[in-house]
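**Student:** 3D model of this:
(chains A and B)
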Protein chains: 2
Amino acid sequence: MKIITISREFGSGGRELGKRLADFLGYAYYDKEIVTAIAQQNTLNEGYVEKILDQGIYPQIPLTFGRTFSTPSQYNTAQLLGAQEAIIKELATKGNCVIVGRGANIILEEFAPFNIFVYADMPSKLERCRERATPEEKHMSPRDLQRKIRQVDNGRAKQQELLSSLKWGDKKGYHLCVNTSGMSIKALTPQIASFAQLWLGEKEQ
Amino acid sequence: MKIITISREFGSGGRELGKRLADFLGYAYYDKEIVTAIAQQNTLNEGYVEKILDQGIYPQIPLTFGRTFSTPSQYNTAQLLGAQEAIIKELATKGNCVIVGRGANIILEEFAPFNIFVYADMPSKLERCRERATPEEKHMSPRDLQRKIRQVDNGRAKQQELLSSLKWGDKKGYHLCVNTSGMSIKALTPQIASFAQLWLGEKEQ
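**Tutor:** Predicted coordinates:
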């Protein structure tokens, strides 16, 4: 099974890269499917699940897992992370795929995925966020948007902390780190695909 | 002028990558030429200049530059770094080139170079060091070799600190960070060249 995982800073174009890579290589692309499956299995609102698992915005999980869960929301968060891990592992056995975020680089370690980290400077991230702003983001000041970018990235870093001692964004944990500042994701796709193919032993004929 | 700079962890294959990239792209490759020119200009031993500038092993430069130079060796180090900067800038104006190490990513900022950072895990670096060991390194225990790798990298980090507030090895300062653990540098070369060409606006026909 050939698996590419993409970890990314919010606004760096990681999701677009994931979709484009999957298209380019003919791999499956898993993103909202994971959220949908978890929401269905747990009869939860998809938006809620997405906020917790995709954006990494969720209440701190107590370190004393075994002792007690003090609030229902904390219980749900732990449950959701468990459900996410199971679904990601199940998807990984189905065939070649690209998975964006959600700690897939750690969760799928046994599958030896090709792990990419996508990052960019703040002006580029702000511009990218503006271009594809949600209605909520459209009304944000640059300062608020910058705060949101930092908040989402902190959430992602914390999510990885629960899974691994490897720090989120530390290049040691990835095969390739790509700075997308001022770059077109579309133009970068064949280059990154070629790297992934080389690493995954799928050299072009 | 199209310029590629390569910063690298000791033993990660950065120098080999630099040579191969230059060959592949038909760019000039500057390495020992810089050391030779500085040694000649300053009537110094090449090995001494190399130890200081290439491996980053040199006495700490006092932060109080303007006040006094307490020892001749400190005076030489500051001189050498100045000479290195001048030579690197001169070479950069001569045509497309690849420069490995020596803070060229910082020194040549005005030329908008494509900056690569090459790294690897410790077992890979030890193996690579073993393969191309100097007579001195051949007799080192793995522990001593590991210490040498750390020492050289610390020297490189300190050298960059003198030039920039950007930390050596922090992915923010590079366009592409490549993990060479277990990879053939030869096989990686076309992929990295393709990235550089894209970034430098030299898209293949």
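
**Student:** where does the closest residue to chain B within chain A land in three-state SS?
**Tutor:** Residue nearest to chain B within chain A (C-beta to the nearest C-beta): A:Cys177, separated by 3.8 Å. The C-beta positions use only the backbone N, C-alpha and C, and glycine is treated the same way. What DSSP: H, G, I helix; E, B strand; the rest coil gives for A:Cys177 is strand.

**Student:** all helices for chain A, in order.
**Tutor:** A:14-25, A:32-41, A:46-53, A:72-92, A:104-107, A:122-131, A:135-138, A:142-163, A:185-199 (DSSP state H).

**Student:** would you turn the ones you listed into CSV with mean pLDDT and mean neighbour count?
**Tutor:** Output for the helices of chain A, formatted as CSV (pLDDT from 0 to 100; neighbours: other C-beta atoms under 10 Å in any protein chain shown):
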stretch, mean pLDDT, mean neighbour count
helix A:14-25, 97, 21
helix A:32-41, 85, 17
helix A:46-53, 79, 18
helix A:72-92, 79, 17
helix A:104-107, 94, 25
helix A:122-131, 92, 16
helix A:135-138, 79, 9
helix A:142-163, 89, 16
helix A:185-199, 95, 20
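
**Student:** Hmm, the residue of chain A closest to chain B is touching A:Phe117, no?
**Tutor:** Yes: the criterion here is C-beta atoms under 8 Å, and A:Cys177 meets it with A:Phe117 at 4.5 Å.

**Student:** A:Cys97: what's its closest spatial neighbour, skipping adjacent residues?
**Tutor:** A:Ala28 (4.2 Å; C-beta to C-beta, 6 or more residues apart in numbering or on different chains).

**Student:** And for A:Ser164?
**Tutor:** Nearest one to A:Ser164, counting by C-beta to C-beta, 6+ apart, is A:Ile106 at 4.6 Å.

**Student:** Provide the partner residues of the residue of chain A closest to chain B in its beta bridges.
**Tutor:** Note on A:Cys177: beta-bridge partners by DSSP bridges are A:Phe117, B:Cys177.

**Student:** In contact with it, which residues?
**Tutor:** Neighbour list for A:Cys177: A:116-119, A:171, B:171, B:174, B:176-177 [criterion: C-beta atoms under 8 Å, 6 or more residues apart in numbering or on different chains].

**Student:** would JSON lines of the residues you listed with distance to B:Leu200 and pLDDT be doable?
**Tutor:** Formatted as JSON lines, the contacts of A:Cys177 follow (distance: C-beta to C-beta, whole Å; pLDDT from 0 to 100):
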{"residue": "A:Ile116", "distance to B:Leu200": "21", "pLDDT": "98"}
{"residue": "A:Phe117", "distance to B:Leu200": "22", "pLDDT": "98"}
{"residue": "A:Val118", "distance to B:Leu200": "20", "pLDDT": "98"}
{"residue": "A:Tyr119", "distance to B:Leu200": "20", "pLDDT": "98"}
{"residue": "A:Lys171", "distance to B:Leu200": "22", "pLDDT": "97"}
{"residue": "B:Lys171", "distance to B:Leu200": "19", "pLDDT": "97"}
{"residue": "B:Tyr174", "distance to B:Leu200": "14", "pLDDT": "97"}
{"residue": "B:Leu176", "distance to B:Leu200": "12", "pLDDT": "98"}
{"residue": "B:Cys177", "distance to B:Leu200": "17", "pLDDT": "98"}
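
**Student:** Would you mind putting those residues into CSV with distance to B:Val98 alongside?
**Tutor:** Formatted as CSV, the contacts of A:Cys177 follow (distance: C-beta to C-beta, whole Å):
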residue, distance to B:Val98
A:Ile116, 24
A:Phe117, 24
A:Val118, 25
A:Tyr119, 24
A:Lys171, 21
B:Lys171, 20
B:Tyr174, 15
B:Leu176, 14
B:Cys177, 17
